[in-house]
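1. Next one to model:
(one chain, ligands or ions: 3)
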Amino acid sequence: MSKERMRREALLYHAKPKPGKIQVVPTKKYATQRDLSLAYSPGVAEPCLEIEKDVNNVYKYTNKSNLVAVISNGTAVLGLGNIGPEASKPVMEGKGLLFKIFADIDVFDIEVNTENVEEFIATVRNIAPTFGGINLEDIKAPEAFEIEKRLKEELDIPVMHDDQHGTAIISAAALLNALELTNKKIEEVRIVISGAGAAAVSCTKLYKAFGAKAENIVMLDSKGVIRKDRDELSEEKSEFATARKIDTLDEAMNDADVFVGLSIANIVTPKMLLSMAANPVVFAMANPNPEIAYDLAIDTREDIIMATGRSDHPNQVNNVLGFPFIFRGALDVRATKINEAMKMAAVKALADLAKEMVPEQVNIAYGETKLNFGREYIIPKPFDPRLIATVPPAVAKAAMESGVATEPITDWEKYRDELYERMGSDNKIIRLLMNRAKLNPKRIVFAEADHLDVLKAAQIVHDEGIGIPILLGRKEIILELMAQIEFEAEVDIIDPKSDEQTETLNAYAQTHWENRRRSGITLYDAQKIMRERNYFASMMVNEGDADAMISGYSRSYPSVVRPVLETIGRFEGVNKVATTNLMLTKRGPLFISDTSINIDPTAKELAKIAQMTNYTMKMFGLEPVIAMISYANFGSSKDPHATKVREAVSYLHRSNPDMHVDGELQTDFALNPEMLRKKFPFSKLAGKKVNALIFPNLDSANSNYKLLKELNNVESIGPIMLGMRKPVHILQLGASVEEIVNMAAVAVVDAQQKEKRKNIADLQE
Ligand SMILES: NC(=O)C1=CN([C@@H]2O[C@H](COP(=O)(O)OP(=O)(O)OC[C@H]3O[C@@H](n4cnc5c(N)ncnc54)[C@H](OP(=O)(O)O)[C@@H]3O)[C@@H](O)[C@H]2O)C=CC1
Ligand SMILES: CC(=O)C(=O)O
Ligand SMILES: [Mg+2]
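-> Ligands and ions are numbered 1, 2, ... in the order given. Predicted coordinates:
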């Protein structure tokens with residue numbers, strides 16, 4: 001992506017649809033007068049009085065235990081320097097977002113308008129009662145040292161300056177692993193540190209704690225090498241002053257084993273890298289632009305282990321891997337501090353995790369085929385789902401052992417389960433889908449590419465490498481719209497009505513006529529309908545000129561389904577196609593079927609819908625657990641509607657004994673594992689988390705998915721077609737750009753299953 005486009009997209013991302021990145025969401029009911037009288041006056045007085053009696057009750061009755069303040073005065077914002085409190089707010093909101101998505105911690109970002117140390121400390125001290133922890137961010141050195149030291153002494157909640165300790169923890173973990181890979185000892189390596197600010201000083205202290213020798217370290221600030229004979233050095237810088245008679249970074253780099261950059265962009269040259277010792281370790285961590293660009297460094301030396309703070313290259317050494325998980329552990333044992341033992345435990349947990357086998361989910365999330373501990377994978381990836389159950393327990397345990405935990409954990413298994421449970425609400429399924437698509441992008445024909453939103457989606461699909469778009473529609477309009485949105489890539493544009501396509505159109509018509517001449521169609525009819533975009537696009541997929549098709553943005557569902565069924569048709573053994581919607585709910589992904597096609601399926605058809613849903617869920621990498629929904633539970637009604645569902649279940653139990661499916665069940669029992677286990681312990685789903693609901697008819701499935709979507713703002717992917725012979729996916733009328741992109745990713749992943757697709761035929765009768 002060009003720099004200019006990144007700039008525009010980043011500004012748009014922050015501005016729309018609502019300015020900013022986080023908001024406050026109530027956690028209690030507030031619908032009725034009674035709710036309000038509990039939430040506010042008069043009920044609210046009761047917890048106030050309880051807290052007055054015993055201040056510890058604040059943890060019981062308020063959100064303090066899960067609320068962290070991300071506080072800055074904007075004096076050292078990333079590598080952008082002193083840009084002021086307002087300009088730092090996007091970064092602080094960003095940290096809030098990361099706290100939430102990686103560790104389910106709520107954040108208020110607070111930007112303080114003072115550079116005066118005493119004023120800043122007083123502000124934080126005065127607002128501390130609100131919070132369970134304080135994350136200081138982007139405050140420049142040396143003020144940051146005094147601020148953190150004093151607040152740690154004065155407050156009884158964890159205080160951590162992220163740029164110091166978050167960075168120290170993650171970079172130490174990465175350094176230990178990089179040295180292990182190069183067979184070097186931390187006690188012996190020569191280390192150059194560029195920067196002598198908050199991050200650099202704290203990192204270097206931690207490296208010393210792990211064995212690095214002061215005499216092997218050279219640190220530089222904006223004035224050059226920090227030498228013992230410099231007389232203006234602060235206390236922190238003096239600790240690292242060298243006796244060596246060198247003045248420049250150039251000289252320092254000569255024969256160095258390790259370079260750690262926590263300063264500014266582009267100060268390291270290829271010549272400097274070439275002068276380093278064999279197998280150099282280079283962490284260029286300035287953000288957003290590193291001390292030397294990743295590609296340049298890699299091109300300069302083959303034997304390098306290279307890391308940056310950015311997410312777009314291997315080895316992202318960035319404190320995002322630290323602060324969410326460190327605070328999670330500290331908050332969960334209500335630690336009064338984040339001490340050295342806790343930091344060391346986090347380093348060890350992170351370093352060890354990198355050496356374990358990487359789950360497939362992480363490979364997919366990063367578009368990798370096989371991540372393995374090695375030069376390009378020295379530290380775990382932020383989206384690794386194991387982090388939440390690895391780092392916080394290590395930190396919590398260390399807090400307990402070092403005596404700063406006030407609420408010790410006793411049941412570690414239960415704690416780990418709770419941690420996983422916390423993370424159930426994120427949208428990792430979309431990430432998984434996108435990355436699976438990117439691993440092997442396929443040709444998708446967009447049958448309505450002359451509509452702006454469809455074209456915008458095709459552009460994203462192209463730019464992100466999700467698929468290879470083929471744009472079908474009126475060519476002059478497509479070209480005009482492409483110019484408008486600066487879609488400059490070389491992509492195929494196909495106008496079925498143009499002279500260019502006559503030959504192909506006639507060939508498609510011929511095939512279509514041959515396939516359907518016994519259904520009352522003439523060759524002339526076939527030639528005529530092939531001019532219609534959905535027939536032409538379907539034939540492209542049928543004849544292998546495209547791998548998948550997306551349509552339906554501008555036409556009603558049935559008018560798209562018809563051409564698709566007539567040309568491509570159903571899979572063998574599938575009498576009726578159906579659809580499913582993937583709902584991205586707070587409790588995790590939930591499939592709902594059949595949302596669009598079968599008005600009142602028979603018991604056998606219902607079973608088939610469940611089988612096809614099961615197949616599609618596996619395509620998403622999920623383990624299906626399916627409830628067959630009714631208004632009754634396990635025979636409680638003899639009414640034909642309930643009986644139909646019961647018959648479908650017994651059919652499935654006979655034909656697919658390995659499938660996790662049961663019913664008939666009411667929705668609340670299906671979605672509440674505990675309730676289900678207690679009331680119906682015999683059920684195949686007892687204690688399991690149901691992730692698919694098969695409704696008994698179209699009325700109920702369609703209404704329920706739309707209800708969820710509208711009332712709960714649940715994002716939905718679909719309707720996803722089930723049972724087609726080839727990957728064709730039909731959008732809802734007027735789908736959003738995002739919905740079209742998601743559907744395109746589904747189509748690509750579906751097309752990737754070409755080989756496995758024959759398994760649909762295994763659906764047993
Ligand atoms: N990847 C990650 O996770 C993290 C990266 N960082 C990055 O580290 C950098 C510093 O952050 P932070 O410590 O908070 O900021 P500070 O303002 O506290 O420190 C900046 C330091 O950089 C030094 N510096 C400036 N120019 C040069 C130069 N040409 N050569 C060598 N040193 C120079 C300054 O020198 P002087 O003392 O003379 O002013 C100062 O010591 C930023 O780019 C930030 O993005 C920070 C935290 C985490
Ligand atoms: C990552 C971070 O905190 C910084 O660059 O300041
Ligand atoms: Mg920072």
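2. Next SSE downstream of the host helix or strand of residue 675?
-> Element membership of residue 675, judged by DSSP states H and E, is helix 673-679. Per DSSP H and E, helix 673-679 leads on to strand 692-694 as the next helix or strand towards the C-terminus.
3. chain center to the helix holding residue 675, what's the gap?
-> Distance of helix 673-679 from its chain centroid, counting by CA atoms, centre = their mean, to the nearest Å, is 31 Å.
4. so what secondary structure elements neighbour it?
-> helix 667-671 (3 or more CB pairs under 8 Å, 6 or more residues apart in numbering; DSSP states H and E). For the C-beta atoms, the positions are set from N, CA and C on the backbone; glycine is no exception.
5. OK, contacts around the closest residue to ligand 2 within the stretch 1-150 of the chain?
-> In the stretch 1-150 of the chain, the residue that lies nearest ligand 2 is residue 78 (4.2 Å; CB to the nearest ligand atom). Shown in contact with residue 78 (CB atoms under 8 Å, 6 or more residues apart in numbering): 91, 138, 286, 287, 288.
6. try residue 89
-> By CB under 8 Å, 6+ apart, the contact list for residue 89 reads 109, 111.
7. Report the secondary structure state of it.
-> Three-state call for residue 89 (DSSP: H, G, I helix; E, B strand; the rest coil): helix.
8. Quick check: pLDDT value at it.
-> Note for residue 89: predicted pLDDT of 98.
9. pLDDT below threshold where in the stretch 251-400 of the chain?
-> The model of the stretch 251-400 of the chain has pLDDT under 70 over residues 360-361, 369.
10. ok, which stretches of it are strands?
-> For the stretch 251-400 of the chain, the strands defined by DSSP state E, counting those that start in this stretch cover 258-261, 281-284, 305-308.
11. quick one on the thing from earlier: in helices only, show me the contacts of residue 78.
-> The members of those that map onto helices under DSSP state H are residue 91.
12. what subset of the contacts of residue 78 is also close to ligand 3?
-> Near ligand 3, judged by CB under 5 Å from the ion, the entries from these are residue 138.
13. List only buried entries from the contacts of residue 78.
-> 91, 138, 286, 287 (16 or more other CB atoms under 10 Å).
14. picking up where we left off before, want to throw the strands of the stretch 251-400 of the chain into JSON lines with distance to residue 669 and mean neighbour count?
-> Shown next, in JSON lines, are these (distance: least, CB to CB, whole Å; neighbours: other CB atoms under 10 Å):
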{"stretch": "strand 258-261", "distance to residue 669": "56", "mean neighbour count": "28"}
{"stretch": "strand 281-284", "distance to residue 669": "53", "mean neighbour count": "28"}
{"stretch": "strand 305-308", "distance to residue 669": "50", "mean neighbour count": "27"}
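15. Could you dump these into a markdown table and include distance to residue 430?
-> Shown next, in a markdown table, are the strands of the stretch 251-400 of the chain (distance: least, CB to CB, whole Å):
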| stretch | distance to residue 430 |
| --- | --- |
| strand 258-261 | 34 |
| strand 281-284 | 31 |
| strand 305-308 | 26 |
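16. Which single residue of the stretch 251-400 of the chain ends up nearest ligand 1?
-> Closest to ligand 1 within the stretch 251-400 of the chain is residue 309: 2.9 Å, counting by CB to the nearest ligand atom.
17. Run a quick neighbour tally on that residue.
-> Close neighbours of residue 309, defined as other CB atoms under 10 Å, add up to 26.
18. and if you look at residue 671?
-> Other residues near residue 671 come to 18 when the count uses other CB under 10 Å.
19. what do you get for residue 551?
-> 25.
20. Surely it is in contact with residue 535?
-> No - in this structure residue 551 lies outside contact range of residue 535 using CB atoms under 8 Å: 10.6 Å.
21. if I look at residue 228, how far off is residue 345?
-> Applying CB to CB, to the nearest Å, the value for residue 228 to residue 345 is 35 Å.
22. In terms of neighbours, single out the busier of those two.
-> Neighbours per residue (other CB under 10 Å) separate residue 228 from residue 345, with residue 345 holding more: 24 against 11.
23. If we ignore the residues flanking it in sequence, what's nearest the more buried one?
-> With CB to CB, 6 or more residues apart in numbering as the criterion, residue 345 has its nearest non-adjacent residue at 3.6 Å, and that residue is residue 398.
24. Would you mind naming what in the stretch 151-300 of the chain lies close to ligand 1?
-> 163, 167, 194-200, 220-223, 262-264, 267, 285-287 (CB under 6 Å from any ligand atom).
25. Of these, keep whichever come out buried.
-> By neighbour count, with 16+ other CB under 10 Å, these hold 163, 167, 194-200, 220-221, 262-264, 267, 285-287 as buried.
26. Now, the residues you listed that are in helices?
-> Using DSSP H, those in helices are 167, 198, 199, 200.
27. how about the second one, what does it touch?
-> Looking back up the chat, that one is residue 198. Contacts of residue 198 (CB under 8 Å, 6+ apart): 76, 139, 140, 141, 144, 145, 161, 163, 164.
28. ok, which stretches of the stretch 101-250 of the chain are helices?
-> 117-127, 143-154, 167-181, 198-209, 235-238, 249-253 (DSSP state H, counting those that start in this stretch).
29. which residues touch whatever residue of the chain ends up closest to ligand 2?
-> Across the chain, no residue is closer to ligand 2 than residue 287, which sits at 3.5 Å (CB to the nearest ligand atom). With contact set as CB under 8 Å, 6+ apart, residue 287 has these partners: 78, 79, 309, 310, 318.
30. Assign the second one to helix, strand or coil.
-> Residue 79 carries the three-state label coil when classified by three-state DSSP.
31. ok, the nearest residue to it once chain neighbours are set aside to residue 292 distance?
-> Spatial nearest neighbour of residue 79, chain neighbours left out: residue 286 (4.2 Å); criterion: CB to CB, 6+ apart. Distance check for residue 286 against residue 292: by CB to CB, it reads 10 Å.
32. shared neighbours of those two, which are they?
-> Residues touching both residue 286 and residue 292 by CB under 8 Å, 6+ apart: residue 261.
33. what about the helices in the stretch 651-765 of the chain?
-> Under the criterion DSSP H, counting those that start in this stretch, helices of the stretch 651-765 of the chain are mapped to 667-671, 673-679, 698-711, 737-752.
34. and those as a markdown table, adding mean pLDDT and distance to ligand 2?
-> As requested, these are exported to a markdown table (pLDDT from 0 to 100; distance: least, CB to the nearest ligand atom, whole Å):
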| stretch | mean pLDDT | distance to ligand 2 |
| --- | --- | --- |
| helix 667-671 | 96 | 39 |
| helix 673-679 | 92 | 39 |
| helix 698-711 | 94 | 36 |
| helix 737-752 | 92 | 28 |
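35. Just tell me which of the ones you listed ends up closest to residue 598.
-> Across the helices of the stretch 651-765 of the chain, the minimum distance to residue 598, taken as CB to CB, is reached by helix 698-711, at 6.0 Å.
36. From the chain's centroid, how far away is the closest one?
-> Distance of helix 698-711 from the chain centroid (CA atoms, centre = their mean) equals 26 Å.
37. same thing with stretch 592-603?
-> In terms of CA atoms, centre = their mean, the centre of stretch 592-603 is found 32 Å from the chain centre.
38. Hmm, residue 66 is touching residue 108, no?
-> No - if you go by CB under 8 Å, residue 66 and residue 108 don't touch, sitting 11.7 Å apart.
39. okay, those two: which has more neighbours?
-> Neighbours per residue (other CB under 10 Å) separate residue 66 from residue 108, with residue 66 holding more: 22 against 16.
40. How about that one, nearest residue that isn't a chain neighbour?
-> What sits nearest to residue 66 in space, not counting adjacent residues and going by CB to CB, 6+ apart, is residue 106, at 5.5 Å.
41. distance of that neighbour from ligand 1?
-> Distance of residue 106 to ligand 1, computed by CB to the nearest ligand atom, to the nearest Å: 22 Å.
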